[in-house]
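# here is my input; please provide its structure:
(2 chains)
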There are 2 protein chains.
Amino acid sequence: MKRERERMALALAEAEAAAAEGEVPVGAVLFDAEGRLLAAAHNRVRSLNDPTAHAEILALRAASARLGTSRLEGSSIYVSLEPCPMCAAAIGFARLKRLYFGAYDPKGGGVEHGPRIFDQRSAHHRPEIYGGIAEARAKKVVQAFFRERRRVEQG
Amino acid sequence: MKRERERMALALAEAEAAAAEGEVPVGAVLFDAEGRLLAAAHNRVRSLNDPTAHAEILALRAASARLGTSRLEGSSIYVSLEPCPMCAAAIGFARLKRLYFGAYDPKGGGVEHGPRIFDQRSAHHRPEIYGGIAEARAKKVVQAFFRERRRVEQG
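Numbering: from 1, shown residues only, chains lettered A, B, ... in the order given. Alright, predicted model coming up:
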């Protein structure tokens, strides 16, 4: 569990970087089977003007480009928040071995909530799934962001 | 219906370009509310080494970059095949007004099959959906590709 929490701390640092940039605070890091860091990314939907620029998508694209393959078998992704359906499906296409996430997302999540992408009969690939890693801190990062946003919006 | 079929013909031409490149033959075109072509793209998962490089994702990213916004309200996307869950969710994030697709995809589709992304209570946005546009030709493009692939694989 120590290794998992250390890696999740990197994803949380990415999430905090996103928050500082005014992006929805989600971060993701990808490790290969040998434990090498392949990619680290955070949500950049606003700054890139890209509706698909979630942390997981950016990390998957960076790691795939780096390794020269669209399949990252054996790799593990650590995400600060339960992936949405788009990112969950992308994780399946990339054939990741393990998915670790921090906070659960009952509203927008697509792994343990909503469409439960990997439970679909049509899912080509299902990674091992570990939710709630460093959950308290992961929740705090998301909650702080939305509390601040409400404060700003209410003037 | 004439306009819809003409636009779908562009998406099908993109799908055929994908097939010629050895990619899964799916094409997508995006039009804004005024009927201007914003983007045209086809699947490039192999050539880009990018598991997320489906036609719809590439078209959404290109149109968003061009307009300088992650929300393409009022726009319509035409896809040769029913979008997968990843692409359906991305279409929702981009707030597209209308989704037209050609062939239905019982195995991999995420709109009328599988997780039915836009029917989820957690879906933020649901476009108008029109399936089966130029369906016969759309089906042929996909079937020809997989028939050829089986032929090659069997030697």
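
# so which helix or strand takes in A:G102?
strand A:98-103 (DSSP states H and E).

# I should have written A:R46 there, sorry.
helix A:45-48.

# what residues sit buried inside the next helix or strand after that helix?
Following helix A:45-48 in sequence order, the next helix or strand is helix A:55-67 (DSSP H and E). Neighbour-count burial for helix A:55-67 flags A:55-64 (criterion: 16 or more other Cβ atoms under 10 Å in any protein chain shown). To be clear about C-beta, it is placed using only N, CA and C from the backbone, and glycine gets the same treatment.

# could you do stretch A:143-151 as well?
A:F145.

# try stretch A:80-93
Buried, per 16+ other Cβ under 10 Å, within stretch A:80-93: A:80-93.

# and the residues you listed, which two are furthest apart?
Farthest pair in the buried residues of stretch A:80-93 (Cβ to Cβ) is A:S80 and A:F93. Separation: 21.2 Å.

# can you show me the helices along chain A?
For chain A, the helices defined by DSSP state H cover A:2-20, A:45-48, A:55-67, A:85-93, A:135-153.

# that older thread, what helices or strands is the helix holding A:R46 leaning on?
Using 3 or more Cβ pairs under 8 Å, 6 or more residues apart in numbering or on different chains; DSSP states H and E, no helix or strand is in contact with helix A:45-48.

# other residues contacting that helix?
For helix A:45-48, the surrounding residues in contact (Cβ atoms under 8 Å, 6 or more residues apart in numbering or on different chains) are A:21-24, A:51, A:53-54, B:65, B:70, B:93.

# report the buried residues of it.
A:45, A:48.

# stretch A:34-51 now?
Buried-residue list, stretch A:34-51, by 16+ other Cβ under 10 Å: A:38-45, A:48-51.

# before we move on, the earlier item: dump the helices of chain A into a markdown table; add distance to B:G110 as well.
Output for the helices of chain A, formatted as a markdown table (distance: least, Cβ to Cβ, whole Å):
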| stretch | distance to B:G110 |
| --- | --- |
| helix A:2-20 | 26 |
| helix A:45-48 | 21 |
| helix A:55-67 | 16 |
| helix A:85-93 | 7 |
| helix A:135-153 | 26 |
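
# of all those, which lies closest to B:Y104?
helix A:85-93 (18.0 Å).

# so, in contact with chain B or not, the closest one?
Yes: against chain B, helix A:85-93 shows contacts by Cβ under 8 Å from any Cβ of the partner chain at A:85-90, A:93.

# and that helix, how far out from the chain middle?
Relative to its parent chain, helix A:85-93 has a centroid offset of 10 Å by Cα atoms, centre = their mean, to the nearest Å.

# ok, now stretch A:127-137?
For stretch A:127-137, the distance to the chain centre is 11 Å (Cα atoms, centre = their mean).

# and if you look at stretch A:66-82?
That offset, for stretch A:66-82, works out to 10 Å (Cα atoms, centre = their mean).

# for that stretch, which positions count as buried?
A:69-72, A:75-82.

# reformat those as a markdown table; add pLDDT.
Below are the buried residues of stretch A:66-82 laid out as a markdown table (pLDDT from 0 to 100):
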| residue | pLDDT |
| --- | --- |
| A:T69 | 96 |
| A:S70 | 94 |
| A:R71 | 95 |
| A:L72 | 97 |
| A:S75 | 98 |
| A:S76 | 98 |
| A:I77 | 98 |
| A:Y78 | 98 |
| A:V79 | 98 |
| A:S80 | 98 |
| A:L81 | 98 |
| A:E82 | 98 |
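
# out of those residues, the closest to chain B would be?
Among the buried residues of stretch A:66-82, A:S70 lies closest to chain B (Cβ to the nearest Cβ), at 4.4 Å.

# circling back to that earlier point, the strand holding A:G102 to helix A:2-20, inter-axis angle?
Orientation check (axes from the mean of the first three to the mean of the last three Cα atoms, to 10 degrees): strand A:98-103 against helix A:2-20 gives 60 degrees.

# flag the shaky bits of chain A, pLDDT-wise.
Applying pLDDT under 70 to chain A flags residues A:155.

# what does it put close to chain B?
Residues of chain A lying near chain B (Cβ under 8 Å from any Cβ): A:45-46, A:48-53, A:57, A:60-61, A:64-65, A:67-72, A:84-90, A:93-94, A:107-110, A:113-117, A:120-122.

# try 7 Å
The interface of chain A toward chain B, taken as Cβ under 7 Å from any Cβ of the partner chain, is made up of A:45-46, A:49-52, A:57, A:60-61, A:64-65, A:68-70, A:84-86, A:89-90, A:93-94, A:107-108, A:113-115, A:117, A:120, A:122.

# returning to that earlier point: of the buried residues of stretch A:34-51, which is the nearest to A:L10?
Among those, A:A40 lies closest to A:L10 (Cβ to Cβ), at 6.2 Å.

# look up how far chain B lies from that closest one.
17 Å (Cβ to the nearest Cβ, to the nearest Å).

# contacting residues around that residue?
A:10, A:14, A:29, A:59 (Cβ atoms under 7 Å, 6 or more residues apart in numbering or on different chains).
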